[in-house]
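Visitor: The sequence and its predicted three-dimensional model are supplied below.
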Amino acid sequence: QVQLVESGGGLVQAGGSLRLSCAASGRTFSRYVVGWFRQAPGKERVFVAAISRGGNITYYADSVKGRFTISRHNDKNTAYLQMNSLKPEDTAVYYCAADLRRTAQAVSVNYNGVDYWGKGTLVTVSS
């Protein structure tokens with residue numbers, strides 16, 4: 001069992017930056033692929049970024065490429081999402097997810113059946 005807790009959300013002006021954190025319980029964090037997803041009001045949850053178990057392979061949604069960076073620190077059981085040049089359309093609840101079996105690429109294309117989810121953190125970008 002893994003529990004994920006997101007933090008770092010808040011209100012920021014367009015063009016600003018935020019860093020989200022995803023803290024995981026347990027001692028096996030390095031065995032899990034980690035992904036970030038977001039859900040805007042009235043819309044479906046969508047993929048944002050994913051990172052491999054060792055942290056050397058990453059995937060991004062086209063909408064965030066060049067602006068967001070996913071990383072992880074396995075010794076600290078924590079993953080991060082650095083978000084720069086934020087836009088109002090980035091406003092959403094951001095969720096961290098962890099999957100034991102699949103690759104980061106697989107998680108990036110289909111999040112159905114992901115093993116664990118956090119409860120989310122709200123990011124609001126004002127224009």
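Guide: Perfect, I can see it now. Numbering: from 1, shown residues only.
Visitor: would you list every one of the helices in this protein?
Guide: Ranges of helices within the chain are 104-109, based on DSSP state H.
Visitor: For this structure, give me the ranges with low pLDDT.
Guide: Residues of the chain meeting the criterion pLDDT under 70: none.
Visitor: go with 90
Guide: 1, 26-28 (pLDDT under 90).
Visitor: most centrally placed residue in it?
Guide: Trp36 (2.0 Å; C-alpha atoms, centre = their mean).
Visitor: Count residues in the vicinity of Pro88, would you?
Guide: 11 (other C-beta atoms under 10 Å). For the C-beta atoms, the positions are set from N, CA and C on the backbone; glycine is no exception.
Visitor: I'd say it and Ser126 touch.
Guide: Yes: with contact defined as C-beta atoms under 8 Å, Pro88 reaches Ser126; the gap is 7.0 Å.
Visitor: so what's in contact with these two at the same time?
Guide: Ala14 (C-beta atoms under 8 Å, 6 or more residues apart in numbering).
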